[in-house]
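Undergrad: Need a 3D model of the following:
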Amino acid sequence: MPFLDWVNKKQAVQTSNNVPYHLLQHQKSYGDATVANDNLIIQGDNLQALKALLPFYTSKVKCIFIDPPYNTEKAFEHYDDKLEHSQWLSMMYPRLVMLRELLAEDGCICITLDDNEVHYFKVLMDEVFGRSNYINEVSLRMKQTAGASGGGEDKRLKKNIEYLLIYAKEKDAFGRFNDVYEEQDLFDLIDEMESEGKSWKYTRVLKDLGERKYLCTVKDGSGEPIKIYTHSGVVIEPLSKISKDEKTTIEQSYKKYFDKIFRDTNAQSSIRTRVMEATVDQGDFFSIEYVPRSGKSKGKPTTLYYKGNNCDLIAWLSDVAVKKGSRLVKLEKLGTYWTGFPLNNLTKEGNVQFPNGKKPEALIQRVLELCSVENDLILDSFLGSGTTAAVAHKMNRRYIGIEMGEHAQTHCIPRLNKVIEGEQGGISKTLNWQGGGGFSFYTLGAPVFDAEGHITTDVRFKDLAAYIWWLETKTATGFKIDSDQTPFIGEQEGVAYYLLYNGILGDRRPNGGNVLTSSVLAYLQEIHPHSGKKVIFGEANRLGAARLTAENIEFKQIPYELHDRV
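TA: Numbering: from 1, shown residues only. Down below sits the predicted model:
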């Protein structure tokens, strides 16, 4: 597989391996305190913030959405968006490495870019995430095409497209996207098709299914039963005739008979072939009952209807359209060209001014609908004005947003507070958002290690315990913020981990319990008896090598065993 190379790439790779581990400092919680810890807004350098999240969120994030600076000539206020290509790639590489570690095995990452860097970035993503984990490139219509003058560019075509790259962490574990549909007003679609000389097929109503009688049972390709019934006295009428007879408009008739309107199709299938063979000379309208082994109705009892000598399948309008209030809306399964985003007054969406680079809430909604479900964890490490967090909040997802500039406090926090209050901008009305919820605001605190390699005094037991657990197991702790701690950190694959630090055992033992002695070991076995291997971190060890071997203990001295692994 080809790799992308650029000036200072080796330095970018080294950076990804040597990011200092900082603490996250809780500043304030907003809204409902019972759920505020589920949602984090972090102000600080996003590379350092991502490293700070690893001990707590490795492989926990279901969907990552980032809208990084596009490396154009138009500078953002808080991002240098005029970086030379190699600098931009060096900036993105270590962040992608961190993001991949945070992503769940069945999760995906979605990145919006324009044509300045998307093609370089695709090759970079192939390197970090693996070419086999590429899923899709989506084209996003993000600008209206100018009028007759063409606007803006003189030597190039008008730009109105941006791109969304989607990668899985592990494609086999990812599975598939959720079903998401684009909507179009049904009657607008009918008018559009008629103006183009195309035929709209859903024009008949199955008013009466008549009398049903059991005919026979056949087997599908897997040997599962298909029950076949004949129908007599079936009544089918054109929608136009019904409208005329009932003296209503066509639109009124569509709404009244919505669940009975159909078209027929001769789409080939093995089931249709079996029905045709079993119903020769048995009538001209049939139904079947069976349980599909695949598809959207997998495992569910299903009824299908067929008509005519060719057994054309009855296809219901209600399978491709829905009622939304007083409207009928045609559904088209989402593809790789997305349009229809509200772009007017976008800079004011969310009641915060953000003149450049702001993404509409409707776009983020579509991404999260596609890639996540309620209560999944969403991450955006280029939060900007807070759009991803606002949308995740309204959609009942948990979220982490990282913003390095003052926008964290001037834009993101006020915007989310308005969301909690029930603001009705963006996608709120679509979701019937009524407010509620909460979030917590964090900043980056001191690094774990000072310039001499010593653990800084601000580091608490639970901070260091989480970091050690991640270093040893590469998994998240799952620690509760306010949970009680003992020296026992956790057990993984038959190994128990303990930390003697910061006076966790009190004054009754040497150095507040930070030194491994016989009495300390006895206490560790008391709080968590373990006959297998034990890894114990502490300031010093007073047990001999023979005792450590006999007790199956590996002692690791802090800070030296930690500093060398940062």
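Undergrad: which stretches of the stretch 451-566 of the chain form helices?
TA: Secondary structure of the stretch 451-566 of the chain (DSSP state H, counting those that start in this stretch): helices at 461-473, 518-527, 545-550, 560-563.
Undergrad: where in this structure is pLDDT low?
TA: Residue ranges of the chain with pLDDT under 70: 70-83, 145-154, 351, 353-357, 478-485, 504-512, 563-566.
Undergrad: So which residue is dead centre in it?
TA: For the chain, C63 is the residue whose C-alpha lies nearest the centre (C-alpha atoms, centre = their mean; 2.7 Å).
Undergrad: now the closest residue to E127 other than its chain neighbours: how far from M125?
TA: Once flanking residues are discounted, E127 sits nearest to F3: 5.4 Å by C-beta to C-beta, 6 or more residues apart in numbering. In short, each C-beta sits where N, CA and C put it, glycine included. Counting by C-beta to C-beta, to the nearest Å, the separation of F3 from M125 is 12 Å.
Undergrad: Mind checking which of those two has more residues around it?
TA: A direct count of neighbours by other C-beta atoms under 10 Å for F3 and M125 places M125 higher, at 23 against 9.
Undergrad: I'd assumed that one was in a helix, is it?
TA: Yes - secondary structure assignment (DSSP: H, G, I helix; E, B strand; the rest coil) places M125 inside a helix.
Undergrad: Dihedrals phi and psi, the closest residue to it other than its chain neighbours?
TA: Leaving out its chain neighbours, the residue that sits closest to M125 by C-beta to C-beta, 6+ apart is Y167, at 5.6 Å. Taking degrees, to the nearest 10, you get phi -130, psi 150 for the backbone angles of Y167.
Undergrad: quick one: contacts for T112?
TA: Counting by C-beta atoms under 8 Å, 6 or more residues apart in numbering, T112 makes contact with F65, I66, D67, L140, E162, Y163, L164, K359, L363.
Undergrad: Which secondary structure state does it sit in?
TA: strand.
Undergrad: right, and the residue nearest to the centre of the chain touches C371 too?
TA: Yes - C63 is in contact with C371 according to C-beta atoms under 8 Å; the separation is 4.3 Å.
Undergrad: which residues are common contacts for these two?
TA: G107, C108, C110.
Undergrad: ok, so of those, who is nearest I455?
TA: G107 (32.5 Å; C-beta to C-beta).
Undergrad: Compute the distance between the closest one and C63, please.
TA: Distance from G107 to C63, by C-beta to C-beta: 6 Å.
Undergrad: What of H85?
TA: Taken as C-beta to C-beta, the span from H85 to C63 is 28 Å.
Undergrad: and Q252, how many neighbours?
TA: 12.
Undergrad: For the nearest residue to it once chain neighbours are set aside, grab phi and psi.
TA: Nearest residue to Q252 in three dimensions, chain neighbours excluded: S243, at 7.4 Å (C-beta to C-beta, 6+ apart). For S243, the backbone dihedrals (degrees, to the nearest 10) come out as phi -60, psi -40.
Undergrad: number of nearby residues for S243?
TA: Neighbours of S243 (other C-beta under 10 Å): 19.
Undergrad: isn't it right next to K255, touching?
TA: No - applying C-beta under 8 Å, one finds S243 not in contact with K255, separated by 11.3 Å.
Undergrad: Name the stretch among the helices of the stretch 451-566 of the chain that sits most buried.
TA: Mean neighbour count (mean count of other C-beta atoms under 10 Å) peaks for helix 461-473 among the helices of the stretch 451-566 of the chain, with a mean of 21.
Undergrad: what residues does that one touch?
TA: 21, 23, 54-56, 58, 448, 455, 475-477, 479, 483, 485, 489-490, 492, 497, 499, 501-502, 504, 535, 537, 558, 562, 565.
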